[in-house]
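Asks: Sharing a sequence plus its predicted fold:
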Amino acid sequence: MAVFRPLPVGLARKLIEGIQDELTPLAESRAGMIKSRPCPRCKNAMHPFLNSQHAFSPNDPLPRLHARCTECGLEWDPVSNLILNTGDPSKVTDPVPIIRPRDPA
């Protein structure tokens, strides 16, 4: 049975010294794109998360990030633009109040 043995930290740093980091800016731009979009249902903040059941795509060096609303729990895949989970609709309030003229003030 093969045992995974990571490189010592100092050796790993020395091996990648002087090589341009291309993954960090790409990962930051993807996370920033998700954080900049409001939830399509309740307009609250979306946060990136990693779906472990569907983490990697072919021809992409980074794991796929999905977006989850902090309030209603809606989950969205920015690559396919599909809603994966509608979350809890009871946490979404109606933006237009219902006005009942016969109710006492």
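Replies: Yep, that arrived.
Asks: give me the low-pLDDT residue ranges for this protein?
Replies: 93-98, 101, 103-105 (pLDDT under 70).
Asks: Please enumerate the strands of it.
Replies: Assigned by DSSP state E, the chain shows strands spanning 46-50, 65-69, 75-77, 82-85.
Asks: ranking those by burial, who's on top?
Replies: By mean neighbour count, with neighbours taken as mean count of other C-beta atoms under 10 Å, strand 65-69 ranks first of these at a mean of 21. For the C-beta atoms, the positions are set from N, CA and C on the backbone; glycine is no exception.
Asks: Name the residues that touch that one?
Replies: 30-31, 34, 37, 39, 41-42, 44-51, 74-78, 84, 87 (C-beta atoms under 8 Å, 6 or more residues apart in numbering).
Asks: Can you give me the distance of L23 to L62?
Replies: Distance, L23 to L62, using C-beta to C-beta, to the nearest Å: 6 Å.
Asks: Now the helix ranked longest in the chain: buried residues?
Replies: For the chain, the helix that runs over the most residues, judged by DSSP state H, is helix 23-36. The neighbour-count check on helix 23-36 (16 or more other C-beta atoms under 10 Å) flags 30, 34 as buried.
Asks: CA atoms only: put it into PDB for me.
Replies: C-alpha atoms of helix 23-36 as PDB (Å, rounded to 0.1, in the frame of the first residue of the first chain):
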ATOM      1  CA  LEU A  23      -4.400  30.300  -9.700                       C
ATOM      2  CA  THR A  24      -4.900  32.700  -6.800                       C
ATOM      3  CA  PRO A  25      -6.100  35.700  -9.000                       C
ATOM      4  CA  LEU A  26      -8.500  33.300 -10.900                       C
ATOM      5  CA  ALA A  27      -9.900  32.000  -7.700                       C
ATOM      6  CA  GLU A  28     -10.300  35.500  -6.200                       C
ATOM      7  CA  SER A  29     -12.100  36.700  -9.300                       C
ATOM      8  CA  ARG A  30     -14.500  33.800  -9.300                       C
ATOM      9  CA  ALA A  31     -15.300  34.300  -5.600                       C
ATOM     10  CA  GLY A  32     -15.600  38.100  -6.100                       C
ATOM     11  CA  MET A  33     -18.100  37.500  -9.000                       C
ATOM     12  CA  ILE A  34     -20.300  35.400  -6.800                       C
ATOM     13  CA  LYS A  35     -20.100  37.900  -3.900                       C
ATOM     14  CA  SER A  36     -21.000  40.800  -6.200                       C
END
